[in-house]
Structures are given as structure tokens and as C-alpha cells.
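In: Any chance you could fold what I've pasted below:
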Amino acid sequence: GSLSTAGGTYNDTGLSASQTKYYRVTASDAAANSVTSAVASGTTDAAAVASIDFYLSQALDTTAKVNCKVPSGLSTVIEYADNTGFTSSSSTAASTPDASSKIAKFSITGLTANTQYYYRAIENGITDTRYGSFKTMQPEGTAQNIKFAVASCGISSEAESTPVNSASNSATYANALARNPDFVMHTGDFGYFDISTNDETKFWQGFDYVISRTNQKALYEGAGLHYIYDDHDYGINNAVASSTSKVAAAAAHREYFPATLNNTSGTVERAWTYGRVRFIMLDTHYEAVIASETALGSTQLTWFKAELTAASSNPDIALVVVEHGEPWIATNGDAWDQYAAERNDISNHIWSVGLEDKIIFIAGDMHACAVNDGTNNNYDDSVRAGWPCLQSAPWDQTSSIKGGPWTTGPYPATAGTASTELYSIVDITDNGTDPIQIDFNSYDDGDVLRLTYSYTLPVQGSLSSVSASSSSYTGQLKYNSSFDSVSDSISAYNGTLKQY
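Out: Down below sits the predicted model:
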């Protein structure tokens with residue numbers, strides 16, 4: 001380049017970010033040129049980048065919630081589309097992150113059901129180079145197959161110490177994401193924070209470090225997350241309603257994790273519907289009082305029973321999945337046997353509303369995977385065998401055995417195995433015509449299948465009405481004892497005959 005007059009400023013334009021250029025100067029007039037100057041150089045500024053720490057999301061059929069951490073505190077919008085190129089994208093209104101937590105929250109509406117979406121932040125005009133993803137599901141009453149990853153208990157150091165300096169980066173998280181789940185159900189002990197003070201910032205500190213781990217971050221950003229605390233991410237070991245950290249724990253949960261909760265304060269239970277499946281996650285700590293044999297407290301128990309009643313009479317709901325913290329089937333303490341009166345009340349209610357054949361229970365807390373097919377789930381007044389109970393844990397912890405007896409597993413079979421790393425995939429097959437099938441498969445950190453269980457919802461009705469097709473049906477057939485002639489159909493039926 002050149003300048004037409006002595007002195008002045010030369011502007012070199014059209015350069016790239018982080019580009020280095022070298023310059024030297026020669027002056028000239030009508031007589032001659034000067035000696036060339038020494039070489040000088042300059043480097044352009046690096047490209048501005050968004051400062052998003054992480055994304056978390058949760059979707060329904062046509063709506064979604066997205067939270068992201070924006071350390072700069074600058075105004076941010078979320079851009080979203082059904083493709084990673086973000087062609088024909090839409091954007092939310094701007095949100096200013098909370099001044100303390102730095103969490104920005106967004107609600108997205110008008111989405112298309114049963115669609116994979118991708119989203120990214122635009123922070124103060126700068127578009128993030130990373131993106132998150134969630135899948136919308138079918139509306140209530142529309143049959144669809146559902147796949148989700150589930151586990152609890154990922155080891156970390158205590159958040160009472162500053163800073164948190166360890167958390168799991170197990171391959172279980174990466175392997176779960178590689179199986180392309182529709183969402184992730186994290187059933188607690190997100191970290192072993194063991195916080196005993198009513199300090200919400202300590203929970204934020206724990207969440208920040210756990211989510212910063214590469215494999216965990218990829219999982220939570222790559223699929224919608226349904227998470228609820230257990231004891232170590234609510235308070236100390238076995239913390240209940242008396243925990244001094246309870247208010248901070250619930251508040252931190254609401255601040256960081258997107259969810260539509262039943263309450264605006266206190267307990268953090270929630271329920272939602274995907275297709276023909278109603279999901280319920282219970283808060284078994286905030287109001288738990290062992291002496292009163294209640295894990296839920298009266299208000300949450302009333303809500304839960306109302307949910308069960310509504311599901312039982314709703315023709316658009318074919319299955320209910322309940323997540324309930326600790327093992328349901330247990331006689332040896334540190335599980336739902338501590339809440340025997342409430343367990344009995346819930347069991348009686350499930351049978352009274354006729355839900356016993358379209359419900360399954362899921363829990364974590366025990367550091368092993370296991371199943372009871374319902375044989376020992378006999379806590380109603382009539383001591384009838386009930387519905388299956390599935391156990392899935394730990395993402396990464398030392399094995400422990402509690403609850404049971406189990407009809408499949410547990411794996412590992414003994415307690416004390418260090419670095420036990422497991423997760424499970426639940427596949428719900430629902431084509432709207434055949435009985436729903438649930439497949440529960442548990443894998444280790446090498447992605448080796450360690451436990452498997454399949455369950456088909458029973459068909460109710462008279463034997464005469466199903467005998468013609470019984471030869472092609474495998475599963476459970478329920479019959480009313482008022483039907484006397486059953487032998488002809490039994491000979492052609494491959495499955496379990498169950499009286500109701």
C-alpha cells in the first residue's frame with residue numbers, strides 16, 4: 001500500500017482474525033527513494049467467541065426449555081433449528097443471565113412433534129461454535145417407541161470443600177449418548193457433594209464441576225435431561241426432611257435444571273407425558289420423615305395418588321413409569337421399607353384404581369443393576385404380586401447391594417467392587433395395537449451387556465375373546481375368575497396366565 005503525502009496513517013483492511021502481517025516503509029520523492037525501514041509486524045485480535053459454559057434442555061411435544069450458563073452475564077438468545085447447519089432457524093427472545101448463578105433460561109414454543117432439534121446461544125451478537133440437542137416427542141395419546149438412558153450415582157468430591165476437584169468422566173456417559181436415547185433420566189447423586197449448610201452457591205459449584213467433565217457434558221448437552229436429586233446431591237448421606245441444606249438444594253435444582261415442576265418451591269417432583277406414556281419423578285427427601293414412615297409427605301402423596309388415578313382412567317395413557325429414588329422392594333433398611341406405611345398406602349391405591357398392569361417402577365441409589373419382576377412387590381393389603389421394579393446404577397461408584405430380593409441380578413452380585421460403572425437403556429415399544437413391551441438392558445463402561453429383562457403388559461379380558469389369537473401372543477394374559485372354561489385356550493397360549 002502507499003500514502004500520497006508525508007506522514008499519515010495506513011489502514012490495512014480485510015484481514016482475518018489472529019492474522020499476522022509484516023510491514024516496512026520506503027519514502028520517495030522526485031529525486032530518489034529513501035533507505036527501507038526495519039520490518040515491523042502486527043497481529044489482529046482473535047475472533048470473538050461466545051463464553052457459554054454448558055447447555056441443558058428438556059422437551060415435550062411442541063415445547064422445550066433450555067438453560068445455559070453465560071459467565072459474561074451478557075444478554076443471550078437461543079437459535080434453534082431441525083438441522084446442524086441452522087438453516088431456516090428461529091430464535092428466542094433475549095434473556096439476561098441471573099446475576100449470581102449466570103444461568104440464562106429460555107422457553108421455546110411452536111415446535112414440531114417427534115423431531116430432533118439443535119440449538120446454540122448467540123451471546124451479545126456472537127454465535128457459539130458449539131450446540132446442544134433435544135428431541136420433541138409425540139403428543140399425548142399418539143403411540144410411539146421411546147428410548148431413554150437411566151442411572152444414578154456419579155462419584156465426585158465434596159462441594160463443601162473449595163474447589164470441587166474431582167468428578168467422574170466415565171465412558172458410561174459417552175456410551176449412553178452413543179445409543180442415541182430420546183432423553184436421559186438421571187435419578188440422583190449427580191455428584192457426592194454432601195452439603196450440610198443452607199448455601200445454594202455450594203450446589204452451583206458442584207453442578208458446574210460435574211457438568212464440566214467431558215463425557216457428562218456431552219451427554220447432557222446431546223439429549224434432553226430429566227434429573228432429580230437423591231441424598232448426596234440434596235444433603236449428606238441419607239438426608240431427609242431435617243437436612244439443614246434442603247432449601248438450598250431445592251432452590252439450586254430449580255435454578256440450574258430446566259423442568260416443569262409440580263411446585264414453585266419446596267419439593268421438586270414432576271410429571272409429563274410422551275406419547276401414551278406418563279412419567280412421574282418423585283422427591284423422596286424434602287419431606288421424608290422415617291419416624292412417620294413417609295418419603296413423600298402428605299401434600300406430595302396426595303398429588304401422586306391423583307396422578308395415578310388420572311392415568312388409570314385416561315384412555316390416552318397406556319403405561320405409567322414412576323421414578324422413586326431408593327429401592328422399592330426391600331426389607332433391610334436404607335430403602336422404601338423405612339416408609340412401609342406409605343408403601344402400603346401407595347400399593348393399595350395402585351390396585352384400587354386398576355393400574356397394576358400398566359405401571360413400572362424405576363430407582364437408583366443401589367450401586368448395581370437389578371430387576372424384580374413383581375413377584376416380591378406384594379405390599380398391598382391382599383399381598384398380591386405386583387408390577388416390575390427396575391434398578392439402574394451407578395454411573396461410576398463402588399458397588400453396593402440393598403433392597404431385593406431380585407428376580408434378575410443384581411450385577412455386580414456383591415458390594416465393594418471399586419469403579420463399578422453402569423447405565424441402562426429402557427426401550428418402550430408401542431405401536432398402538434399390540435401390547436406395550438419394555439426392554440431393560442444394563443451395560444458397563446466397556447459397553448458390555450451385563451443384565452437384560454423384558455416385560456410385556458398383560459392383556460385383560462375373557463379367554464374366549466383372545467383364544468383365537470393366543471397362539472401368536474407371548475406375554476401375560478389376565479383372566480377374571482368368573483370364566484370357568486379355560487383349558488382349551490390355555491393349551492394354545494404361550495405365556496403366563498394371571499388371575500385378577
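
In: From Val321, how far out is the residue nearest to His285 when sequence neighbours are not counted?
Out: Of all residues not flanking His285 in the chain, Tyr234 sits nearest, at 4.8 Å (CB to CB, 6 or more residues apart in numbering). For the C-beta atoms, the positions are set from N, CA and C on the backbone; glycine is no exception. Here Tyr234 is placed at a distance of 22 Å from Val321 (CB to CB, to the nearest Å).

In: out of those two, which sits in the more crowded spot?
Out: Tyr234 (31 against 22; other CB atoms under 10 Å).

In: Do I have it right that the residue nearest to His285 meets Lys246?
Out: Yes: counting by CB atoms under 8 Å, Tyr234 touches Lys246, with 7.0 Å between them.

In: Overlap in contacts, those two.
Out: Common contacts of Tyr234 and Lys246, defined by CB atoms under 8 Å, 6 or more residues apart in numbering, comprise 285-286.

In: hang on, Asp345 is in a helix, isn't it?
Out: Yes: assigned with DSSP: H, G, I helix; E, B strand; the rest coil, Asp345 falls within a helix.

In: which residue sits closest to it in space, ignoring its chain neighbours?
Out: Nearest-residue entry for Asp345: Leu301, 7.4 Å, with adjacent residues in sequence omitted and distances by CB to CB, 6+ apart.

In: And the longest helix along the chain, how far out from the chain middle?
Out: For the chain, the helix that runs over the most residues, judged by DSSP state H, is helix 297-313. Remark: helix 297-313 is offset 22 Å from the chain centroid, using CA atoms, centre = their mean, to the nearest Å.

In: What is the end-to-end distance of stretch 106-116?
Out: 18 Å (CA to CA, to the nearest Å).

In: residues in contact with it?
Out: By CB under 8 Å, 6+ apart, the residues outside stretch 106-116 that reach it are 59, 61-68, 77-78, 80, 82, 90, 92, 95, 117, 119, 133-139, 142, 144.

In: How about the contacts made by Tyr423?
Out: Counting by CB under 8 Å, 6+ apart, Tyr423 makes contact with 149-151, 172-173, 175-176, 392, 395, 442-443.

In: so where's the stretch 151-300 of the chain uncertain?
Out: Residue ranges of the stretch 151-300 of the chain with pLDDT under 70: 162-163.

In: those strands in the stretch 301-450 of the chain, which residues are they?
Out: Along the stretch 301-450 of the chain, the segments classed as strands by DSSP state E, counting those that start in this stretch run 319-323, 359-363, 369-372, 389-391, 408-411, 422-429, 437-444, 449-456.

In: Highest mean neighbour count out of these?
Out: Ranked by mean neighbour count, the strands of the stretch 301-450 of the chain are led by strand 389-391 with a mean of 30 (mean count of other CB atoms under 10 Å).

In: Direction included, what does that one pair up with?
Out: Using DSSP bridges, the strands paired with strand 389-391 are strand 359-363 (parallel), strand 369-372 (antiparallel).

In: Identify the residues contacting the last one?
Out: The reference is to strand 369-372. Counting by CB under 8 Å, 6+ apart, 329, 388-393, 403-411, 422, 424, 440, 442, 450-451, 453 sit against strand 369-372.

In: Buried ones from the contacts of stretch 106-116, can you make that a ChimeraX selection?
Out: Typed into ChimeraX, the line below selects the buried ones among those, using 16 or more other CB atoms under 10 Å:
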select :59,61,64,65,66,67,68,77,78,80,92,95,117,119,133,134,135,136,137,138,139,142,144
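
In: so how far is Ser382 from the nearest residue to Ser312 once chain neighbours are set aside?
Out: Counting by CB to CB, 6+ apart, Ser312 lies nearest to Val353, which is 4.0 Å off, once chain neighbours are set aside. Per CB to CB, Val353 is found 15 Å from Ser382.

In: more neighbours, those two?
Out: Taking other CB under 10 Å, Val353 and Ser382 do not tie; Val353 has more neighbours (15 against 8).

In: so who does that one touch?
Out: Residues near Val353 by CB under 8 Å, 6+ apart: 308-309, 312-313.

In: My read is that Asn198 contacts Ser243, right?
Out: No: in terms of CB under 8 Å, Asn198 does not count as a neighbour of Ser243; the distance is 9.1 Å.

In: out of these two, which sits in the more crowded spot?
Out: The neighbour comparison of Asn198 against Ser243 (other CB under 10 Å) goes to Ser243, with 21 against 15.

In: what residues are up against the nearest residue to the more buried one once chain neighbours are set aside?
Out: Excluding the flanking residues, the one nearest Ser243 by CB to CB, 6+ apart is Gly235, at 3.5 Å. Counting by CB under 8 Å, 6+ apart, Gly235 touches 194-196, 243-246, 249, 285.

In: Need the three-state assignment for Gly235.
Out: coil.

In: which regions of the protein sit below the pLDDT cut-off?
Out: Short version for the chain, where the test is pLDDT under 70: 1, 3-7, 17, 45-48, 162-163, 460-500.

In: Show me where it has its helices.
Out: Using DSSP H, helices in the chain cover 171-178, 200-212, 214-222, 246-256, 297-313, 340-352, 463-466, 487-491.

In: do you know which of those helices lies nearest Glu269?
Out: Counting by CB to CB, Glu269 lies closest to helix 297-313 out of these; the figure is 5.7 Å.

In: Now tell me what touches the closest one from outside.
Out: With CB under 8 Å, 6+ apart as the test, helix 297-313 has contacts from 241, 262, 267, 269, 271, 278, 280, 282-283, 286-289, 294, 296, 317, 320, 342, 345-346, 349-350, 353-355, 358-359.

In: Buried ones among those residues?
Out: If you count burial by 16+ other CB under 10 Å, the buried members of those come out as 241, 262, 267, 269, 271, 278, 280, 282-283, 286-288, 294, 296, 317, 320, 342, 345-346, 349-350, 355, 358-359.

In: Would you map the strands across the stretch 51-200 of the chain?
Out: 55-59, 64-69, 76-81, 90-91, 103-108, 116-123, 126-127, 132-135, 146-151, 183-186.

In: Which one, of these, ends up nearest to Tyr220?
Out: strand 55-59 (5.8 Å).

In: quick check: angle from the closest one to strand 103-108?
Out: With axes from the mean of the first three to the mean of the last three CA atoms, to 10 degrees defining the directions, strand 55-59 sits at 30 degrees from strand 103-108.

In: Report the inter-axis angle for strand 55-59 versus helix 200-212.
Out: Going by the same axes, to 10 degrees, strand 55-59 makes 90 degrees with helix 200-212.
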